[in-house]
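Visitor: After the sequence you'll find the predicted model.
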Amino acid sequence: MTGIYIHVPFCLRKCPYCDFYSVLFTEELMQKYTDAVCRNILALKPKAIEADSVYFGGGTPSLLPPEQAEKILECIASSVKLADPEITMEANPSSISLEKLRGYRRAGVNRLSLGVQSLIDDELKALGRLHDAYQAREAAIAAHRAGFENISCDIMLGVPGQTEETLDITAERITALPVKHISAYMLKIEEGTPFDTAQMGALADDDERMCALYLRLCETLAKKGFEHYEISNFALPGARSRHNLKYWRLMPYIGIGPGAHSDFEGKRTACRRELSEFLESKVQKNVLIEENIDRAEELVMLSLRLSDGLSLGELEKLRGREPVRRLKNRAVQLEAQKLVSIEKTAEDEKIKLTERGFLVSNAVIVYLLDC
């Protein structure tokens, strides 16, 4: 099954840490954007695509009026064969209301991803967010009242002024809300953003602090019943993000909108980060990023992000027995350092990262691939 990603490139104000493509929101641009998205979706019809997830990302997708979201979803339903789809809308607490949320539910959106980041007001101010902690909590409550049973919240780790104690408060407050999924991201300083300063860089590069915050959150969420199913993602039973799992399981997805990426028909492409070009083109102009993709290498890199781990049987089908033997020998060394576990069943053998292994996942993956 294919995933459909819709990039909504509008914001009321750019967050100082964000480098995703977005421009200043206007109602006129949003209307033209909606028409362009629909043109691109209708162009997919001859491909006879089957999909089970749609994801509105951004930017700030919750600036999209419900009637325009409905128009886009109607175009998808008429152009793609949808099978019991998970339809996610990212939303900022500052740009939603109970009425708008009810409109999204009527349009067919059945999963909401709230950009909370923190439930400490000083930390939200430090991140340049437009909402406060009260608005964030009220947004989750309103979403549930509007009929959303599947709600996700983002948490940022490494925020200026954040401590293990304030992170505990955020985690306790979020898990007390009707939330089934939590994404936790470490603050990363992107080149060219307002946060790209020596002071902020030093804060983000404080590995000891980041490790302590990450492990503290993992422990807290585990006690609350949240499964740590991917490096940065936690879910109550049955609430894993179906769409995001496509990225980690090497499944096909199609991205629509300026800056959106696709992995479809054996090619990885991206739409140029230029709104005016997207609006004026009959069909978006995609740039080829990668062809003849090494799926075996990607299987190692992406499977190890998941708690399900890397299937050595699956890897052997792609690469052969000898490379897998060498990789397993290296994994045994990492197991002695408590960075991975090797689990064997009658059907397969899997390598899984431990919580501490997740913290140094890049180094672990490079070490395993180097064989």
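Guide: It's in.

Visitor: Would you tell me what the next helix or strand after the strand or helix carrying I342 is?
Guide: I342 belongs to strand 340-344 when assigned by DSSP states H and E. Following strand 340-344 in sequence order, the next helix or strand is strand 349-353 (DSSP H and E).

Visitor: what angle separates that following strand from strand 340-344?
Guide: Counting by axes from the mean of the first three to the mean of the last three CA atoms, to 10 degrees, strand 349-353 lies at 160 degrees to strand 340-344.

Visitor: thinking again about what came up before, residues touching the strand holding I342, excluding its own?
Guide: For strand 340-344, contacts defined as CB atoms under 8 Å, 6 or more residues apart in numbering pick out 309, 328, 331-332, 334-335, 349-354, 357, 364. C-beta: built from backbone N, CA, C; applies to glycine.

Visitor: Going through those, which ones are buried?
Guide: The neighbour-count criterion (16 or more other CB atoms under 10 Å) marks G309, K328, A331, L334, E335, E349, K350, I351, K352, L353, G357, V364 among those as buried.

Visitor: Quickly note the distance from the last one to A296.
Guide: Translated: V364. Using CB to CB, to the nearest Å, one obtains 17 Å as the distance from V364 to A296.

Visitor: okay, Y17: pLDDT?
Guide: pLDDT, Y17: 86.

Visitor: E191 is in contact with that one, correct?
Guide: No. Y17 is beyond contact range of E191, at 11.7 Å (criterion: CB atoms under 8 Å).

Visitor: of these two, who's got more company?
Guide: The neighbour comparison of Y17 against E191 (other CB atoms under 10 Å) goes to Y17, with 22 against 6.

Visitor: Just the element for that one, please.
Guide: For Y17, there is no helix or strand it lies in under DSSP H and E.

Visitor: ok, for it, nearest residue in space, not its chain neighbours?
Guide: Leaving aside its chain neighbours, Y17 sits nearest to F195 (4.5 Å; criterion: CB to CB, 6 or more residues apart in numbering).

Visitor: Ramachandran angles for the one you found?
Guide: For F195, the backbone dihedrals are phi -80, psi 0 (criterion: degrees, to the nearest 10).

Visitor: How about the contacts made by it?
Guide: Here F195 is in contact with P16, Y17, L187, I189 (CB under 8 Å, 6+ apart).

Visitor: neighbour-wise, which of these leads?
Guide: Y17 (22 neighbours).

Visitor: any idea how far it lies from H131?
Guide: Counting by CB to CB - Y17 and H131 are separated by 15 Å.

Visitor: How about the secondary structure of Y5?
Guide: On the three-state scheme (DSSP: H, G, I helix; E, B strand; the rest coil), Y5 is labelled strand.

Visitor: Could you pull up the residues touching it?
Guide: Taking CB under 8 Å, 6+ apart, one finds V54, Y55, G57, H243, Y253, I254, G255, I256, A260, H261, S262 in contact with Y5.

Visitor: try I254
Guide: Counting by CB under 8 Å, 6+ apart, I254 has contacts T2, G3, I4, Y5, L44, I49, S262, F264.

Visitor: Make CSV out of these and add pLDDT and distance to I174.
Guide: As requested, these are exported to CSV (pLDDT from 0 to 100; distance: CB to CB, whole Å):
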residue, pLDDT, distance to I174
T2, 98, 31
G3, 98, 26
I4, 98, 28
Y5, 98, 25
L44, 96, 37
I49, 97, 35
S262, 97, 32
F264, 94, 35
